[in-house]
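Novice: Any chance you can model this:
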Amino acid sequence: MTSDDLTGRAADPEEVAAAITSRRADDAVATSPGQLLTLAPTESIPDEQDAEQRILRAVGPSGGAGAETDTPAQPHSDDVTPVARKNVTFNVSWLAGSQVVTWSLTLVWTVIVPRVLGPSGMGEIVTATSVASILGVLLGLGTKPYLVREIVVAPERAPRLVGSTIVLRICLVPVFVAAVVVYTRMAHFGSNEAWVLYLATGTTVLFLLAEPIQAAFQSFERMEYLAYSSVVTSTLQTSLGVILALIGFRAVGLSAAMVFVMAAVLLLNVLWARRYFRIDLRTSVHQVRSLVTESFAYWSFALFSVIYVWIDTVILSLMTDSKVVGWYGVSTRLFTTLMFVPVILSTAWLPRLVTAFQESPRQLHETARRPIEIVLLLGLPICVLTAMTAAPAIHILFGPGYAEAAPVLTVLALGVPLIYLSIMLNQVVIAAKRQSTWTWIMAGATVVNPLLNIALIPLFQSHFGNGAIGAAVALGLTELLIVFVGFVVVGRKVLTGATTFRLLRAAMAGGAMWAVMYATRPFGFVASALAGVLVFGALVPILRLASPEDWTALRQGVVRALDRGRRLVPGRHRAREEATTAAEGVTMSENADPRNGPR
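Specialist: Now for the predicted structure:
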């Protein structure tokens, strides 16, 4: 969950599996006198080997045909409980499962809340979230990817790294709040708009305090806790948002509810962390200075990235009215839900990419090839499906008041494959410790995108009465530039001739899908969408778009999902346990019977 969840825009977002190896911590790290506060684990670890067995029993095997087995960590610091390794399929299945739940809950919120608030109310929320996210980069300092990478390499540093990051962010809260107040005065916000922004600021602060803990979970490959956070956030946001909207609360009430939701998520993350490591809040000026210095490249990237992601909304709010911002807000809300594919795969793959780079740059490029191919193969049908069904989807979900959002969503959908690719290329750069390279790319995008928005928003506003289309076009053109430069920097080392040929076959399948959907439009958008999906699905084996490894991973994921579904049915789970117990009893009695002889 991020502050972006206030409007449903996916964040960061965020990376996946690697071997987690614990080492003994360096006890000689200096700390300042008086800084003694730590969050201790709920139980002590009497014996290292005993603790490893306890974790393995609690976690259980990965399961699935051909799945990797869990491997315990090596000797560890007293502050870090050894963590069993999980394979990519396990982590992706957790993240994908949580995504299904959050989709369903987001759909409920989307159908009800924007209709009640109207475009102007949604515009207030979107504007506040955009401003809070941009100014929040002062507080975040871009330390999350730095934490993920460092904890993957040295797990014993997790308590001190997480604790120092939290202390640093707490110290920077006054600077963040002051920046928000200054912007409120300069933008001449009214009382209602100002309160929405202040509450969005509170949500952002709470999220940024939880983020270091989630970075540690990701490094330890405990993706289920990221899934738990996402589900809890969506559940509380949807239930409170819908109830408050229906009883008459507007943007201020919904923003206040999000502060409560994020506070609950922060508390849960603190409690979950106690199972695996201490959050050591003892720090020193030297440690904080080192943290800031080493994560500077990541902070620079975060600064440019956040500005790039949100500046279009800020410029749109300054050049048009809140209604146009509301059209753009609901379009981007639906659009960012489509980012689940690269978000899940990048979250699941980042630790593994880091480990591959420890072996060699060539191994990193070979490891990165598969997730990049997967996101592009999935991005093409998602692009076609979204673009062809944008108008009826907007009408059904938001009503006629948001009709002008349909062309905006169509334009945004065309950029889906480009954004998918840029997200994955960024993960490769992070794993290769070349974050400064991508930072320069994002710096260029941060310059180009506002210039395009300033030129295109008034053009589309004057000709079509919808400046939001101009913002969408500006985003697509900027993404095209990012992908071109990213391909030159790192993509050409990852994508081979075989990959290119595979993607060309996928483009042919996407073109066939579009042609079928266009031809079947008279039968309704549901029939058209179903026909397009069936055609693309039929072409997958014919054109050999999926590799044997992809089919194996898919089967493992289905097996895991079905197994979890069975466990949710108490009767079936109990019956299976009873059958297992009975079978074991028969076996034991047979073994005890001397007439059966030795076994």
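Novice: Show me the longest helix that occurs in this protein.
Specialist: Using DSSP state H to define each element, the chain has its longest helix at helix 88-140.
Novice: Residues touching the following helix or strand past that helix, excluding its own?
Specialist: Sequence-wise, the next helix or strand downstream of helix 88-140 (DSSP states H and E) is helix 143-153. Here helix 143-153 makes contact (CB atoms under 8 Å, 6 or more residues apart in numbering) with 15, 18, 20, 157-158, 161-162, 165, 168, 211-212, 214-216, 218-220, 291, 294-295, 298-299, 301, 350-351, 354-355, 358, 430-431, 433, 435. Placement of C-beta: from N, CA and C, glycine included.
Novice: Please check these and keep the buried ones.
Specialist: Among these, those buried by neighbour count (16 or more other CB atoms under 10 Å) are 15, 18, 20, 157-158, 161-162, 165, 168, 211-212, 214-216, 218-220, 291, 295, 298-299, 301, 350-351, 354-355, 430-431, 435.
Novice: Give me the subset of those residues lying in strands.
Specialist: Of those, none are assigned to strands by DSSP state E.
Novice: Can you report phi and psi for residue 277?
Specialist: phi -160, psi 160 (degrees, to the nearest 10).
Novice: Specify the beta-bridge partners of it.
Specialist: Beta-bridge partners for residue 277, by DSSP bridges, are residue 80.
Novice: hmm, back to that, give me the subset of the buried ones among the contacts of helix 143-153 lying in helices.
Specialist: Judged by DSSP H, the buried ones among the contacts of helix 143-153 include 158, 161-162, 165, 168, 211-212, 214-216, 218-219, 291, 298-299, 301, 350-351, 354-355, 430-431, 435 as members of helices.
Novice: Tell me the secondary structure at residue 446.
Specialist: Recorded secondary structure, residue 446: helix (DSSP: H, G, I helix; E, B strand; the rest coil).
Novice: ok, it touching residue 306?
Specialist: No: Residue 446 is beyond contact range of residue 306, at 9.3 Å (criterion: CB atoms under 8 Å).
Novice: Which of these two has more residues huddled nearby?
Specialist: Neighbours were counted for residue 446 and for residue 306 using other CB atoms under 10 Å; residue 306 has more, 24 against 18.
Novice: my guess is that one contacts residue 135, does it?
Specialist: No: under the criterion of CB under 8 Å, residue 306 is not in contact with residue 135, lying 9.0 Å apart.
Novice: So, low pLDDT: which residues of the stretch 101-250 of the chain?
Specialist: Within the stretch 101-250 of the chain, the segments meeting pLDDT under 70 span 103.
Novice: where in the protein is pLDDT low?
Specialist: Applying pLDDT under 70 to the chain flags residues 1-100, 103, 550-551, 553-599.
Novice: can you give me the strands for it?
Specialist: Assigned by DSSP E, the chain shows strands spanning 38-39, 279-280.
Novice: Can you spell out which helices and strands pack onto the last one?
Specialist: Secondary-structure packing of strand 279-280 (3 or more CB pairs under 8 Å, 6 or more residues apart in numbering; DSSP states H and E): strand 38-39, helix 158-186.
Novice: How many neighbouring residues does the nearest residue to residue 510 once chain neighbours are set aside have?
Specialist: Using CB to CB, 6 or more residues apart in numbering and skipping residues adjacent in sequence, the residue nearest residue 510 is residue 380, 3.9 Å away. By other CB under 10 Å, 23 other residues sit near residue 380.
Novice: one step back: the longest helix of the chain: how far from the chain's middle?
Specialist: Its chain's C-alpha centre and that of helix 88-140 lie 11 Å apart, by CA atoms, centre = their mean, to the nearest Å.
Novice: How about stretch 501-518?
Specialist: Offset of stretch 501-518 from its chain centre (CA atoms, centre = their mean): 28 Å.
Novice: Just the CA atoms of it, as PDB, please.
Specialist: Provided in PDB are the C-alpha atoms of stretch 501-518 (Å, rounded to 0.1, in the frame of the first residue of the first chain):
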ATOM      1  CA  PHE A 501      11.100 -13.000 -32.900                       C
ATOM      2  CA  ARG A 502       8.900 -14.200 -30.000                       C
ATOM      3  CA  LEU A 503       7.700 -10.700 -29.400                       C
ATOM      4  CA  LEU A 504       6.900 -10.300 -33.100                       C
ATOM      5  CA  ARG A 505       4.700 -13.400 -32.900                       C
ATOM      6  CA  ALA A 506       3.000 -11.900 -29.800                       C
ATOM      7  CA  ALA A 507       2.400  -8.700 -31.800                       C
ATOM      8  CA  MET A 508       0.700 -10.800 -34.500                       C
ATOM      9  CA  ALA A 509      -1.500 -12.400 -31.900                       C
ATOM     10  CA  GLY A 510      -2.400  -9.000 -30.500                       C
ATOM     11  CA  GLY A 511      -3.300  -7.700 -34.000                       C
ATOM     12  CA  ALA A 512      -5.600 -10.700 -34.500                       C
ATOM     13  CA  MET A 513      -7.200 -10.000 -31.100                       C
ATOM     14  CA  TRP A 514      -7.800  -6.400 -32.100                       C
ATOM     15  CA  ALA A 515      -9.300  -7.300 -35.500                       C
ATOM     16  CA  VAL A 516     -11.700  -9.800 -33.900                       C
ATOM     17  CA  MET A 517     -12.800  -7.400 -31.200                       C
ATOM     18  CA  TYR A 518     -13.400  -4.600 -33.800                       C
END
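Novice: Counting neighbours, which bits of it end up buried?
Specialist: Buried-residue list, stretch 501-518, by 16+ other CB under 10 Å: 502-503, 505-506, 509-510, 512-514, 516-517.
Novice: Pull the number of nearby residues for residue 259.
Specialist: A count of nearby residues for residue 259, using other CB under 10 Å, gives 19.
Novice: got the contact list for it?
Specialist: Contacts for residue 259 (CB under 8 Å, 6+ apart) come out as 199, 202-203, 206.
Novice: which of those tops the neighbour count?
Specialist: Counting neighbours by other CB under 10 Å, the top entry in these is residue 203, with 28 neighbours.
Novice: thinking it is in contact with residue 133, fair?
Specialist: No: between residue 203 and residue 133 there is no contact under CB under 8 Å: 10.1 Å.
Novice: separation between the nearest residue to residue 312 once chain neighbours are set aside and residue 136?
Specialist: Nearest residue to residue 312, sequence neighbours excluded (CB to CB, 6+ apart): residue 471, at 4.3 Å. Residue 471 sits 21 Å away from residue 136, taking CB to CB, to the nearest Å as the criterion.
Novice: Just want to know which of these two has more residues nearby.
Specialist: Neighbours were counted for residue 471 and for residue 136 using other CB under 10 Å; residue 471 has more, 31 against 25.
Novice: Isn't the more buried one up against residue 328?
Specialist: Yes: at 5.9 Å, residue 471 counts as touching residue 328 under the criterion of CB under 8 Å.
Novice: Give me the common contacts of these two.
Specialist: Shared contacts of residue 471 and residue 328 (CB under 8 Å, 6+ apart): 312-313, 316, 408.
Novice: of all the residues you listed, which two lie farthest apart?
Specialist: Greatest spatial distance in the shared contacts of residue 471 and residue 328: 313 and 408, 12.0 Å, computed using CB to CB.
Novice: Comparing the two, which shows the higher neighbour count?
Specialist: residue 408 (30 against 26).
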